[in-house]
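[1] Okay, sequence plus prediction incoming.
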Amino acid sequence: MKNIRHSLILFLSLGLGFFVHELHGQDSGDQVMIRIETSHGDMVVRLYNETPVHRDNMVKLIKEGYYNNQIFHRVIRDFMIQGGDPHSVEAARGQRLGTGGPGYTIPAEFNDRLFHKKGALAAARMGDNVNPQKESSGSQFYLVQGRVFTREMLQMMEKNRQASFSPQAIEAYTSIGGTPHLDGAYTVFGELVEGMEVLDTIALSPTDANNRPLEDIVIKISIVE
């Protein structure tokens, strides 16, 4: 029995080590770029090396073809567009989406230098009431559209959240815009470098009561070599 226990512990340890290697195997010096193809045009996103677990997990899923034929299932104008739910593949019209995933979550990777400016890529997650550690969904993500804020509005937010925005964040939020109220609550792990006009077009899509576009916006995601 003792040998069996030792064998089981060794097996679990090896399995965990393999998983961690898979998530951290990307060379930290590389700049990973991904392409999101849609019926409204393509978007190119740079994944941040500062958030290696989120970066490597997305690369892994992309290489598996996980995101292909999914849709942007939640779109809110002046806020964000969201995808990554495997249940969205060929989902029936009107079907409520947003609960699917790969069966695991990812530890938060908050970084004060990475914030929710327009075009930011961030990980969706369950709410604080069931997810106090703010762990990210294993696959669901969103791209920020947001809106422009005044310095006075940001100062009010700073008082409410008891934390200051960096000069870089203030410059972005008062010029191109974003969703500053999400900072420190959701992991930002990339940014749009091409196709901002595609993001704006998708964000304008007519939606149903659940914020699902009336016309499916099918996506395919690949690594830019």
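    All right, it came through fine.
[2] Verify the stated contact: D183 with K117.
    No. Between D183 and K117 there is no contact under Cβ atoms under 8 Å: 9.8 Å. Where C-beta positions appear, they are placed from N, C-alpha and C, glycine not excepted.
[3] Need the residues touching each of these two.
    Shared contacts of D183 and K117, defined by Cβ atoms under 8 Å, 6 or more residues apart in numbering, comprise A169.
[4] Relative to M153, how far out is N160?
    Separation of N160 from M153 (Cβ to Cβ, to the nearest Å): 11 Å.
[5] Kindly provide the distance from L204 to G195.
    Applying Cβ to Cβ to L204 and G195 gives a distance of 15 Å.
[6] of those two, who's got more company?
    A direct count of neighbours by other Cβ atoms under 10 Å for L204 and G195 places G195 higher, at 22 against 14.
[7] and the closest residue to that one other than its chain neighbours, what does it touch?
    Distances taken as Cβ to Cβ, 6 or more residues apart in numbering place M43 nearest to G195, at 3.4 Å, with adjacent residues excluded. Counting by Cβ under 8 Å, 6+ apart, M43 touches R35, I36, L143, L192, E194, G195, V198, L199.
[8] that older thread, which one's more surrounded, N160 and M153?
    Each of N160 and M153 has its neighbours counted (other Cβ under 10 Å); M153 has more, 13 against 9.
[9] ok, and for the helix or strand hosting that one, which residues are buried?
    In this structure, M153 sits in helix 151-161 according to DSSP states H and E. Neighbour-count burial for helix 151-161, counted by 16 or more other Cβ atoms under 10 Å, picks out L154, M157.
[10] model confidence over the helix or strand that it is followed by, on average?
    Next helix or strand after helix 151-161 toward the C-terminus (DSSP H and E): helix 167-173. Regarding helix 167-173, the rounded mean pLDDT is 98.
[11] Direction included, what does the very next helix or strand once past helix 167-173 pair up with?
    Tracing the chain past helix 167-173, the next element assigned as helix or strand by DSSP H and E is strand 188-194. Strand 188-194 pairs in its sheet with strand 41-47 (antiparallel), strand 120-123 (antiparallel), by DSSP bridges.
[12] Dump the next helix or strand after strand 188-194 to PDB, keeping only the CA atoms.
    Along the chain past strand 188-194, the next helix or strand (assigned with DSSP H and E) turns out to be helix 196-203. This file holds the C-alpha atoms of helix 196-203, laid out as PDB (Å, rounded to 0.1, in the frame of the first residue of the first chain):
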ATOM      1  CA  MET A 196      -9.200  49.100 -33.700                       C
ATOM      2  CA  GLU A 197     -11.900  50.000 -36.300                       C
ATOM      3  CA  VAL A 198     -13.000  46.400 -36.300                       C
ATOM      4  CA  LEU A 199     -13.400  46.500 -32.500                       C
ATOM      5  CA  ASP A 200     -15.600  49.600 -32.900                       C
ATOM      6  CA  THR A 201     -17.700  48.100 -35.600                       C
ATOM      7  CA  ILE A 202     -18.400  44.900 -33.600                       C
ATOM      8  CA  ALA A 203     -19.200  47.000 -30.500                       C
END
